[in-house]
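> Sequence first, predicted coordinates after that:
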Amino acid sequence: MIPTRLRAASLALLLVTASPAALAQQASTYAPALPAPLPPIPDAQDVAYPGVIALDVDATNLSQRIFSVTETIPVTQAGPMVLYFPEWLPGNHGPVGPIPQLAGIEITAAGQRVEWVRDTLRPFAYHVVVPAGATALEVKLQHLSPTAGAQGRITMTPEMLNLQWEKMLLYPAGHWSRNIMVQPTVKLPTGWRFGTALEPLEKNGDVQTFKPVNLEVLIDSPVFAGVHYRQIDLDPGGRSPVRANIVADEADSLNATDEQIQILRNLVTQMDRLYGARHFDHYDFLIAMTDRLGGIGLEHHRSSENSVDPAFFTGWATHLSDRDLLSHEMNHSWDGKWRRPADQYVPNFNSPLQNSLLWVYEGQTQYYGQVIAARSGLLSTQQAMDALALTAATYDTRVGRQWRALQDTTNDPIISQRQAKGWLSWQRDEDYYSEGQLIWLDVDTLIREKTNGRKSLDDFARAFYGVQDGSYAPVPYTFEDVVAALNGVVANDWATFLRTRLDADGPNARAPLDGLARGGWRLAFADKPTDYMKTLYAELKRNDFTYSLGFQTGEANKIRSVQWDSPAFKAGLAVGMEIVAVDGAAATPDRLAEAITAAKDPATPVTLIVKDDDQYRTVAFDYHDGLRYPRLERIEGTPDRLGDILTPRRR
């Protein structure tokens, strides 16, 4: 066996001598450890890749969570070639392709080993030299699904799996993804059933082959499979099938009631009534009812990946946290997939995405996700209003806007790649989701006010997304397109309206709560949580004292968040500390609540003993305003536009 370093050096020389003209091109990769520069990676061309790639995935190694892949890539000429592992993943909004989980890459041509070298500037690219006379490269590799949560998102358990094709392949550089055809095949454990937006071609034992699709469609069409599986028709008699494909840790989780199934069907109906057009020939919800598979909520054009609590159906009254997930992800079929920001319409999965319009892509979807959840019955009107109160309170106290505008948070998926933060209220996060929701409530209520209720944001949605019925080809949009469509509903200086809210920062900048007031409601606080908040936080095992002392606790009285510049912040508390005692007694959430209430007497402080690693200290709070929990309060004498927004559409 030739040592790895010598093999890499030999390949580098071969890559250069095989294509002398490459040295004259731009942006070649040079690393001092290599004896010569690598040739440039070819730019993507909008031309067809010759032949069809065969992609075969063996997903039967459940005990070790290993997906084994064999890929056959047709080639038509000898010489240098670059293969990519997908880096910029749609819906993730950042360069998060899990390349550490890619292993065991072996490439052959006609049975002979073909060496590869990783590009040192673009490490998701692999340089190879196609031997003379070769007609195909055979690639063998493994995707190693995490076996524990600390390693990443778990995608395989003994009961189910989530096959995401972008983790299972290399693809040729130099072509648009839509011009690379792939024939996918998967071998599943015996007896398992699956859901996917791909169309089955043939089944041979446990091996399922799908019809060929282009690479963009393939990566947009994941698979959920499991031993406990149920499919529910969500649009009986509809012009294009809409199905819920559900896998579960336990069979009992599949037991939806007739009323719950009707609510899911209402969701489809309300989406149709909102947009009036479909840009899919079928749509498949992929739903995992699990606490073993890794959590996910990811949009696709003809499907969505959703993991929910195992008690989504069976614990309907006490499990609220996932209620708007299905409506959010389905909304993306129109907003984000069919119509997508122009700076996200890129040639392939290794071209950087830009996120400048995520306050539309995600913010407007967050808005309609909750609105449609209420219109369909996934949430009651009161629950939707209580959820909105939590959002309004969160962003009204988002002090990070003093230095960081909402627009800049659209860069967060690239900057932080969704890592946890210690000072969320100050650092900010992907705030374009829920603060974006507040902006679109502001837009909706202003349209209603200006037109005396004759028009609403629904008119924008139908004009912007509900056109070209039956068209599937993506339609990019710009900021100017959004402004023009809003002006098509009602004339206004929408560009200034939006930019003022997106770009605001500084000590006087506030959350965009005008939509609440224009909707007939205001943010208020009471000494008891709403029923929705009480149920939600019991499910999530959270105890919220954000709007009093300035922190939340989780299990074992661990502090899980601290509001910047709050009494807790000024007392030196931080995430990860543990509250051991409250006023001399062992800490419990109830005792802490009682102590805050008792401290309304100005002579009574709240005294905590806090454990920080192996250090203990006593903290006293001179706070006397009692418990404070957000809710919405009606503004008398004003139109209840918010109530109308949440009302189901009858046509």
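That came through fine.

> Any idea what residue 545 is bridged to?
In this entry, residue 545 is beta-bridged to residue 551, by DSSP bridges.

> Do I have it right that it meets residue 557?
No - using CB atoms under 8 Å, residue 545 is not in contact with residue 557, being 11.5 Å away. C-betas here are computed from N, CA, C, even on glycine.

> any idea how far the nearest residue to residue 265 once chain neighbours are set aside is from residue 164?
In space, and not counting its chain neighbours, residue 265 is closest to residue 234: 5.2 Å by CB to CB, 6 or more residues apart in numbering. Distance, residue 234 to residue 164, by CB to CB, to the nearest Å: 23 Å.

> Going along the chain, name the strands of the stretch 501-650 of the chain.
For the stretch 501-650 of the chain, strands defined by DSSP state E, counting those that start in this stretch occupy the ranges 521-526, 543-545, 551-553, 559-562, 578-582, 585-586, 606-612, 615-621, 629-634.

> Out of these, flag the one nearest residue 126.
Of all these, strand 559-562 sits nearest to residue 126, with 41.3 Å by CB to CB.

> circling back: out of the strands of the stretch 501-650 of the chain, nearest to residue 416?
Across the strands of the stretch 501-650 of the chain, closest to residue 416 is strand 559-562 (CB to CB), at 16.1 Å.

> for that closest one, packing partners?
Judged by 3 or more CB pairs under 8 Å, 6 or more residues apart in numbering; DSSP states H and E, strand 559-562 is in contact with strand 551-553, helix 567-570.

> For that strand, give me every contacting residue.
Strand 559-562 is contacted by residues 423-425, 542, 546, 550-554, 568-569, 573-579 when judged by CB atoms under 8 Å, 6 or more residues apart in numbering.

> Buried among these? Need that as a selection in ChimeraX.
Buried members of the contacts of strand 559-562, defined by 16 or more other CB atoms under 10 Å, are picked up in ChimeraX with:
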select :423,424,425,542,546,550,551,552,553,568,569,573,575,577,578,579
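
> can you list contacts of the helix or strand hosting residue 485?
In this structure, residue 485 sits in helix 479-489 according to DSSP states H and E. By CB under 8 Å, 6+ apart, the surrounding residues in contact with helix 479-489 are 356-357, 360, 443, 447, 455, 459-460, 463-464, 492, 494-495, 498.

> ditto for stretch 529-545
309, 317-321, 382-383, 386-387, 389-390, 551-555, 560, 568, 589, 592-593, 596, 627, 629-631.

> What subset of those is buried?
Neighbour counting by 16+ other CB under 10 Å classes 309, 319-320, 383, 386-387, 389-390, 551-553, 560, 568, 589, 592-593, 596, 627, 629-631 among those as buried.

> before we move on, back to that, the residue nearest to residue 265 reaches residue 268, doesn't it?
Yes - look at residue 234 against residue 268 with CB under 8 Å: they come within range, at 5.1 Å.

> any common contacting residues for those two?
Contacts common to residue 234 and residue 268, judged by CB under 8 Å, 6+ apart, are residue 242.

> coming back round to it: is it possible to get a markdown table of the helices and strands packed on strand 559-562 that adds mean pLDDT and distance to residue 159?
Listed next are the helices and strands packed on strand 559-562 as a markdown table, based on pLDDT from 0 to 100; distance: least, CB to CB, whole Å:
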| stretch | mean pLDDT | distance to residue 159 |
| --- | --- | --- |
| strand 551-553 | 98 | 32 |
| helix 567-570 | 98 | 41 |
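
> No further questions, thank you.
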